[in-house]
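Participant: give me a 3D structure for the following:
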Amino acid sequence: MNHNYFTYDKIALQQAPKIPLEVLPTDADVFRQMAEEMAEEIVKNNEAGRRTVFICPVGPVGQYPYFVQMVNEQKISLKNVWFINMDEYLTDDKQWISEEDPLSFQGFMNQQVYGKIDPELVMPAEQRVFPDPSDPGRIGRLSEELGGVDIVFGGIGINGHVAFNEADDSLTPDAFRALPTRVLPISRETRTANAIGSLNGAIDAMPKYCITVGFAEIYPARKVRLGCFRDWHRAVVRQACYGEETAHFPVSLFQSHPDAKITITDFVATLPENH
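Facilitator: So this is what the prediction gives:
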């Protein structure tokens with residue numbers, strides 16, 4: 001298999017990506033742009049009397065302080081907004097980890113997002129949705145009831161996963177796109193990367209299971225916006241934009257999406273001198 005794209009410099013990377021690519025100077029620029037697109041979509045839909053439905057991540061999270069500030073300063077009502085979070089860690093018994101756990105995505109959203117928005121503006125609790133291992137089918141039903149998802153925001157994992165949709169070499173692209181919200185084991189490479197980012201490398205303290213919104217709910221979204229800023233994102237982005245479309249690297253499946261975009265930092269676009 002030809003992996004020459006891993007050596008593409010910044011200029012070559014931007015020549016003909018199969019997923020539209022935007023390069024911004026810094027992490028802050030990537031996060032601010034994500035927050036601005038969130039706010040703009042909500043304002044546009046509010047003015048048209050339409051609801052807004054997002055699928056949102058906890059990772060990346062740098063967009064949320066900007067978003068919270070925009071909502072509070074501009075008095076943007078979230079009363080007709082639904083946030084469907086992508087995923088959550090599970091215990092060995094395949095139940096949500098405690099909200100008090102520092103790894104809990106629900107704990108993060110409640111403390112750092114919903115808890116910091118003016119109570120007169122924030123959406124009701126029932127519109128802050130997490131996939132539930134006791135009823136994984138709810139996400140698909142809800143997406144349909146709400147008329148589909150406006151925008152999916154997220155990042156990309158080291159093996160190309162989006163949300164916790166881990167690579168599966170046994171599936172065709174179409175079969176992978178049909179995967180619904182489900183409970184699944186987290187791959188060792190994902191647990192390793194996340195342990196480095198969240199637990200100082202303590203892989204044995206990382207949960208082994210998760211629940212994730214599936215590509216069956218993510219892929220039909222009207223827009224997909226992914227942000228990348230880590231050193232290992234250099235290879236991930238090059239494979240996403242120039243590799244083959246395959247369930248071996250799930251983000252590559254957005255090469256066929258009508259409105260997907262990856263936004264990266266100059267740091268990710270630029271390879272080190274000794275590569």
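Participant: all the helices of the stretch 1-150 of the chain, in order from the start?
Facilitator: 10-13, 27-47, 63-74, 105-108, 138-145 (DSSP state H, counting those that start in this stretch).
Participant: of those, which approaches Ala205 most closely?
Facilitator: helix 105-108 (16.2 Å; C-beta to C-beta). The C-beta positions use only the backbone N, C-alpha and C, and glycine is treated the same way.
Participant: neighbours around the closest residue to Pro124 other than its chain neighbours, how many?
Facilitator: What sits nearest to Pro124 in space, not counting adjacent residues and going by C-beta to C-beta, 6 or more residues apart in numbering, is Lys79, at 7.4 Å. Per other C-beta atoms under 10 Å, the neighbour tally for Lys79 reads 12.
Participant: contacts for the helix or strand of the chain with the lowest mean pLDDT?
Facilitator: Across the helices and strands of the chain, mean pLDDT, DSSP states H and E gives its lowest value to helix 188-198, namely a mean of 92. By C-beta atoms under 8 Å, 6 or more residues apart in numbering, the surrounding residues in contact with helix 188-198 are 59, 102-103, 157-159, 161, 164, 166, 186, 201-203, 205-208, 232.
Participant: surely Pro180 and Glu217 touch.
Facilitator: Yes: using C-beta atoms under 8 Å, Pro180 is in contact with Glu217, at 7.0 Å.
Participant: residues shared between the contacts of the two?
Facilitator: Ile139, Gly140.
Participant: when the two are compared, which one has more neighbours?
Facilitator: Using other C-beta under 10 Å, the more surrounded residue of Pro180 and Glu217 is Glu217, with 26 against 15.
Participant: that one sits in which helix or strand?
Facilitator: Using DSSP states H and E, Glu217 sits in helix 215-218.
Participant: burial of Gln74, as a residue count?
Facilitator: Neighbours of Gln74 using other C-beta under 10 Å come to 11.
Participant: how close does it sit to Cys228?
Facilitator: In this view, Gln74 and Cys228 are 27 Å apart by C-beta to C-beta, to the nearest Å.
Participant: if we can go back for a sec, who does the helix holding Glu217 touch, helix- and strand-wise?
Facilitator: helix 138-145, helix 173-177 (3 or more C-beta pairs under 8 Å, 6 or more residues apart in numbering; DSSP states H and E).
Participant: so for the longest one, mean pLDDT?
Facilitator: Average pLDDT, helix 138-145: 98.
Participant: now do the shortest one
Facilitator: Helix 173-177 shows an average pLDDT of 98 in the prediction.
Participant: surely Ile151 meets Glu37?
Facilitator: Yes: contact criterion C-beta under 8 Å: Ile151 and Glu37 qualify, at 7.0 Å.
Participant: got any residues that touch both of those two?
Facilitator: By C-beta under 8 Å, 6+ apart, the residues touching both Ile151 and Glu37 are Arg225.
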